[in-house]
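Participant: what follows is a protein structure lacking sequence information:
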């Protein structure tokens, strides 16, 4: 019999809600319970596949927000594995190091939590007599600026060796540096499989040896979009490794761009949006689907869609609800300037004002300087993660200022244009 295990990381159990869609109580409840549901599905998968072990490569918890209730839920799920004869191997990540309950909970006897040294643990003896050893290392501090690799034991001779490490590798956007090391360093160490954690996007960095970042099993907001899962690993007597990606996330965040180029009627816009949302829903039939919609293109509806944004939200939310278990988190518009596609003429006062704003105001150095000053004043008041997302460098800050200016002016002008059409302003 081969050695089979499920590799996961970065569950962030009971992570605080970060979705923008929390005005909807039903959706808020789904997002709130999503990380727990992901762990339940992982345990279900382990039992259904009759694996030998579950490997959790760090960040079970989500820092100091963790309550004893979270830990008790975790213990209950690991007990299900224990009762099924499945062992669990855990390393602590940077978020686990912040948790107040990490060391207070008594876990089932089949659970091994690695300490600060990478001492190997015998996981199984294969039919040909070859042994499987798992090496892992936890860190007690949320900061690990140096590589932990030198602290790992060398591979056990004539055995299959699996390493567990929570690491940012050489660095990744949106993630703090943690226990940095290179893929080449891991390859040289001599293990057959590296079970990594910390980066939330799945990536197989190497096939020989296998170096796998499984990604998080459940996204928590639109910036963690897409289907999430775990890695099911089979290692045979000869050390050959087979990888399978299995989806476990119950709620899926997705971005969808809808091109309305040439669409001139409100009904036509709804038809275009409905077809695209139905296609996305069909591709993810088992998930709770949470969408951020971006409307783009050159359309004479641009000014009306901005002016009647509340009606737009209601219409698209109704379409999503009709698809079943589908919600809209946010709607964004990225239309061309409304003066070009709203049917205005040069003699129209609103058209003239629009052209003046576009050619004189938005491009003015003083206006952009004022906008940048406002952005720089607001950014320090935002969480560090959001600051990095919005303005990670000078270029991103400039783009933020430009997009805010364009979007804000388009909103104001679209309302003015709509009022001039409805009321006959001249």
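Facilitator: Sure thing, it's come through. Note that the coordinates shown come from a computational prediction; the quantities given were computed from them, not determined experimentally.
Participant: show me the helices in the protein, by range?
Facilitator: Here the chain has its helices, by DSSP state H, at 25-49, 68-83, 94-98, 183-189, 266-283, 302-307, 309-323, 338-341, 349-356, 365-378, 384-391, 394-423.
Participant: which one of these has the lowest average pLDDT?
Facilitator: Across those, helix 338-341 has the smallest mean pLDDT, namely a mean of 42.
Participant: tell me how far residue 300 lies from residue 225.
Facilitator: Per Cβ to Cβ, to the nearest Å, residue 300 is found 31 Å from residue 225. Bear in mind the C-beta positions are built from the backbone N, C-alpha and C, glycine included.
Participant: swap that for residue 67, sorry
Facilitator: Distance from residue 67 to residue 225, by Cβ to Cβ: 28 Å.
Participant: ditto for residue 377
Facilitator: According to Cβ to Cβ, residue 377 stands 30 Å off from residue 225.
Participant: more crowded one of the two?
Facilitator: A direct count of neighbours by other Cβ atoms under 10 Å for residue 377 and residue 225 places residue 225 higher, at 16 against 9.
Participant: residues in contact with that one?
Facilitator: Counting by Cβ atoms under 8 Å, 6 or more residues apart in numbering, residue 225 makes contact with 219, 252, 253, 254, 255, 292.
Participant: pLDDT weak spots in the stretch 51-200 of the chain?
Facilitator: Along the stretch 51-200 of the chain, the parts satisfying pLDDT under 70 run over 63-66, 94-104, 118, 140-145, 171-176.
Participant: switch to 90 and redo it
Facilitator: For the stretch 51-200 of the chain, applying pLDDT under 90 flags the ranges 58-72, 92-107, 115-119, 137-151, 168-180.
Participant: show me the protein divided up by domain.
Facilitator: What the TED database lists as the domains of the chain is 3-249, 250-340, 348-425.
Participant: how about stretch 205-223: buried residues?
Facilitator: 205, 209-222 (16 or more other Cβ atoms under 10 Å).
Participant: and it, how far from the chain's centre?
Facilitator: With Cα atoms, centre = their mean, to the nearest Å as the basis, stretch 205-223 stands 11 Å off its chain's centre.
Participant: kindly check the end-to-end length of it for me.
Facilitator: 22 Å (Cα to Cα, to the nearest Å).
Participant: roughly how far apart are the nearest residue to residue 84 once chain neighbours are set aside and residue 236?
Facilitator: Spatial nearest neighbour of residue 84, chain neighbours left out: residue 47 (4.9 Å); criterion: Cβ to Cβ, 6 or more residues apart in numbering. From residue 47 over to residue 236 the distance is 22 Å, taken as Cβ to Cβ.
Participant: ok, residue 206 next?
Facilitator: Distance, residue 206 to residue 236, using Cβ to Cβ: 19 Å.
Participant: now the closest residue to residue 57 other than its chain neighbours, which residues is it bridged with?
Facilitator: In space, and not counting its chain neighbours, residue 57 is closest to residue 197: 3.2 Å by Cβ to Cβ, 6+ apart. When bridges are called by DSSP bridges, residue 197 pairs up with residue 166.
Participant: so how far is stretch 204-217 off the chain centroid?
Facilitator: The mean C-alpha position of stretch 204-217 is separated from the chain mean by 17 Å, Cα atoms, centre = their mean.
Participant: and the contacts of that stretch?
Facilitator: In contact with stretch 204-217 (Cβ under 8 Å, 6+ apart) are residues 7-12, 38-39, 41-42, 57, 169, 183, 186-187, 191-203, 224, 228-231, 233, 241, 243, 248-249.
Participant: what of stretch 269-284?
Facilitator: Against stretch 269-284 from outside (Cβ under 8 Å, 6+ apart): 227, 252, 254, 256, 258-260, 263, 289, 291, 293, 295, 299, 301, 305, 315-316, 319-320, 323-324, 326.
Participant: flag every buried residue along it.
Facilitator: For stretch 269-284, using 16+ other Cβ under 10 Å, the buried residues are 269, 270, 272, 273, 274, 276, 277, 280, 281, 284.
Participant: can you give me how far that stretch is from the chain middle?
Facilitator: Counting by Cα atoms, centre = their mean, stretch 269-284 comes out at 22 Å from the chain centroid.
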